[in-house]
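Trainee: A predicted structure for the sequence below; I have some questions about it.
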Amino acid sequence: MNDLQIDPIEFGRLQAEVTSLRRDFDALLKAIETNTVMLHEMRDTLAEAKGGWRLMLAVGGAVGSVAAGVAWATQHIKWMP
């Protein structure tokens with residue numbers, strides 16, 4: 001056999017390997033596209049929640065301050081002589 005010719009059996013094996021790798025590559029591309037969509041959805045959800053936790057923090061801080069003021073008043077102010 002000439003050095004420039006490829007063995008038909010080896011060529012068939014390589015062709016099958018390339019086909020298998022192409023199938024795996026296509027599956028990976030599909031998985032990456034799915035993950036990209038899911039990451040965009042997560043980003044959008046977190047962006048919507050960003051304002052909500054700030055409001056909850058502000059309300060919690062205000063309520064805590066009022067409660068601390070009431071607690072201080074009940075301990076330091078004499079209500080009845």
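Mentor: Structure's in. What do you need? Numbers count the residues shown, from 1 in each chain.
Trainee: Need phi/psi at residue 5.
Mentor: phi -90, psi 150 (degrees, to the nearest 10).
Trainee: burial of it, as a residue count?
Mentor: 8 (other Cβ atoms under 10 Å). Heads up, the C-betas are built off the backbone N, CA and C, glycines and all.
Trainee: Run a quick neighbour tally on residue 29.
Mentor: Residue 29: 10 neighbours (other Cβ under 10 Å).
Trainee: cool, and residue 77?
Mentor: 7.
Trainee: What separation do you get for it and residue 69?
Mentor: 11 Å (Cβ to Cβ, to the nearest Å).
Trainee: any shared contact partners between those two?
Mentor: Counting by Cβ atoms under 8 Å, 6 or more residues apart in numbering, residue 77 and residue 69 have no contacts in common.
Trainee: Give me the three-state assignment for residue 4.
Mentor: With DSSP: H, G, I helix; E, B strand; the rest coil as the basis, residue 4 sits in coil.
Trainee: Tell me, how many residues neighbour it?
Mentor: Neighbours of residue 4 using other Cβ under 10 Å come to 5.
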